[in-house]
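**Student:** sharing a model prediction with you, sequence too.
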Amino acid sequence: MKRDLVQIALFALAVLALAALLDSGVWLTFTMLALYGALLAQAWNILGGYGGQFSFGHALFFGVGAYVQVIAQVTGGFNAWLALALAVALAALVGLAVGAITFRYGLKGSYFALVTLAFAEVFRIGAVSVGFTGGGVGMMLPLSESVANLQFGSRRGYIVLMLAFVVAAALVTAWIRHSRFGAGLMAVRDNEDAASAVGVDPQRAKRGAITLSAAFMGAAGAFYVQVFQYIDPGIAFGPHVSVEALVAAIVGGMGSLWGPVLGAVALHTLADLTRNLFGELPGLNMVIYGSVLVLIVMFMPRGLAGLASQVARRTATKDRGRG
């Protein structure tokens, strides 16, 4: 645990130093979006990587957080920070409700994945149909730059905010890795029947994981609204958010502390490179992007974090051999 805490502290200091040194708006935006992608992947990794419950509908929790954030401010007149706390809390509550329904009836594997996708679609249709969400038109958050309104004049402010979320998610992940709850959750992931036989309550473990996962997805949704000041049902509950979260976690390395961060940085780098190199040829950048993802999944099943660990072990073995 101590080693994980030291790594998290060093990571936070490195990002803060990077944000202070960067002058380019392009690189500041890249850093902000990479951290945003890391939070999405970390949220998914808590449930998918450590709990073994693959969700295709994590956009559900993202959308709840985004809509609560904007509705609380625009309609309810809430302070932005209070709206943020409410967005995280309600997203977690929705996660707990979804977990209570799905895990009670023993849904797992592809059935659980499809049910989460269905929940996200139901919420998307609901957001289109009701008036308080702005319907299909969506909602805009008025621009009012100040720390009190969670709207910053520079990307650096958003980087610090997103870094706080990423660090919080990393601390929760570290706790899962070393706690009794985490041991039970990983036991359920590996063999649910065996875990039950040794006294672990699988439903309780999975409900806890989906609640934590949903809370961080809700935070990502609230952050999105504060940065881009607009949300609609397609953005909030569409499949692209779920795909970004799970792909970054898988590419980086599921069930690891730094895999989601590595995956998010790698994917954003790849997306920017392909967009810049082949942006004039519509669709080609996405073909290259998708092909690289398939190759990573095929030849590096443990992701970038697994590859880094393997290289470190081989280097250490060679050093011992020379000694």
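**Tutor:** That came in fine, so what should we check first? Numbers count the residues shown, from 1 in each chain.

**Student:** where do the helices sit along the chain?
**Tutor:** 2-21, 25-48, 59-74, 80-104, 109-129, 155-178, 180-190, 192-197, 202-228, 233-237, 239-252, 259-278, 284-299, 303-322 (DSSP state H).

**Student:** to residue 138, which of those helices lies closest?
**Tutor:** helix 233-237 (7.1 Å; Cβ to Cβ). Heads up, the C-betas are built off the backbone N, CA and C, glycines and all.

**Student:** now that closest one: mean pLDDT?
**Tutor:** For helix 233-237, the mean per-residue pLDDT is 93.

**Student:** okay, that helix in CSV with CA atoms only?
**Tutor:** In CSV, the C-alpha atoms belonging to helix 233-237 read as follows (Å, rounded to 0.1, in the frame of the first residue of the first chain):
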residue,chain,number,x,y,z
PRO,A,233,-29.0,12.8,-24.6
GLY,A,234,-26.7,11.5,-27.3
ILE,A,235,-23.5,12.8,-25.7
ALA,A,236,-24.6,11.9,-22.2
PHE,A,237,-25.9,8.4,-22.7
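
**Student:** which strands and helices sit next to that helix?
**Tutor:** The elements that helix 233-237 packs onto, with contact taken as 3 or more Cβ pairs under 8 Å, 6 or more residues apart in numbering; DSSP states H and E, are helix 59-74, helix 109-129.

**Student:** list the buried residues for that helix?
**Tutor:** Across helix 233-237, burial judged by 16 or more other Cβ atoms under 10 Å covers 233, 235, 236, 237.

**Student:** what separation is there between the last one and residue 255?
**Tutor:** Put plainly, it is residue 237. Remark: distance between residue 237 and residue 255 (Cβ to Cβ, to the nearest Å) = 27 Å.

**Student:** got it, and the second one?
**Tutor:** The spacing between residue 235 and residue 255, counted by Cβ to Cβ, is 29 Å.

**Student:** what's the closest non-adjacent residue to the residue nearest the centre of the chain?
**Tutor:** In the chain, the C-alpha nearest the mean C-alpha coordinate belongs to residue 40, at 1.4 Å (Cα atoms, centre = their mean). The spatially closest residue to residue 40, leaving aside those adjacent along the chain, is residue 245, at 4.0 Å (Cβ to Cβ, 6 or more residues apart in numbering).
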